[in-house]
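> This is a predicted model, with the sequence first.
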Number of protein chains: 2
Amino acid sequence: MIDFDQLDKTIHEKGRLSIMTLLAGRAGWSFQDLKQELGMSDGNLITHLRTLAAAGYTEEKKDGTGSRPRTTYHLTAAGKLAFEEYLDVLESIVKTLRPD
Amino acid sequence: MIDFDQLDKTIHEKGRLSIMTLLAGRAGWSFQDLKQELGMSDGNLITHLRTLAAAGYTEEKKDGTGSRPRTTYHLTAAGKLAFEEYLDVLESIVKTLRPD
DNA sequence: CAAATAACTTTGTGAAACAAAGTTATTTGT
DNA sequence: ACAAATAACTTTGTTTCACAAAGTTATTTG
């Protein structure tokens, strides 16, 4: 059966699920790219990124050259694992209701 | 790509997603069955059921014999449709990240 | 030097999840 | 017949949280 308890609340929220999905799809999204892709306000986006970082799911890398900050965001190993487990739940929901 | 805007907020919340999944799996869940399966408090469960009903996604049927209330909850046609669209998004997330 | 840009922080509002306890009506046990 | 249990609520209160708007700091481009 479906283990709803496994539905990680940190990931499940719509905004953060969107972010996690994008970060899982390809590495190295910038703040601006995420903002544009998701249409979020700065405050909202940074808050979600902080929430994910606090959970240990994401980390930021600064492009070092002392130039204009161009932070990129990445999944950590823990973030990838947590997201995989989250996807397991999604898959089991879909498979339960749409057995092909 | 994935259309995150299509992620119906009414359905997406963890508790209601659980309820919708159960109701989509088989018809005629009683309040008690849902409560036990999901481990929710009465107040929380009825609130979610009301929210879903207000969206037109669920309806209740009273077992008519004037006996002890034995309400059962069901998806409406609109609820089924909305849930199918929600599942489309889940499927596209899973397929994007786990292409088999 | 001015304006723009990146990545924030701060502040405030409003909504919503959730639990606990109380309510009403019916039914079962003795 | 009366008490206890049960179903389906409602009410109340707490606490969290999403989200937007505006301000901040630092750097870079015109």
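Arrived safely.
> What residues of stretch A:16-25 count as buried?
A:16-24 (16 or more other C-beta atoms under 10 Å in any protein chain shown). (C-beta placed from N, C-alpha, C; glycine too.)
> Those: which two are farthest apart?
Greatest spatial distance in these: A:Arg16 and A:Ala24, 12.0 Å, computed using C-beta to C-beta.
> Of the buried residues of stretch A:16-25, which are in range of DNA strand D?
The residues of the buried residues of stretch A:16-25 that also fall near DNA strand D, by C-beta under 7 Å from any atom of the strand, are A:Arg16.
> Which one of the buried residues of stretch A:16-25 is nearest to DNA strand D?
Nearest to DNA strand D among the buried residues of stretch A:16-25: A:Arg16, at 6.6 Å, using C-beta to the nearest atom of the strand.
> Look up how far chain B lies from that closest one.
For A:Arg16, the distance to chain B equals 11 Å [C-beta to the nearest C-beta, to the nearest Å].
> I'd like the distance between that residue and A:Pro99.
29 Å (C-beta to C-beta, to the nearest Å).
> Can you give me the end-to-end span of stretch A:62-78?
Using C-alpha to C-alpha, to the nearest Å, the end-to-end distance of stretch A:62-78 comes to 20 Å.
> what does stretch A:62-71 give?
5 Å.
> Good, we can wrap up now.
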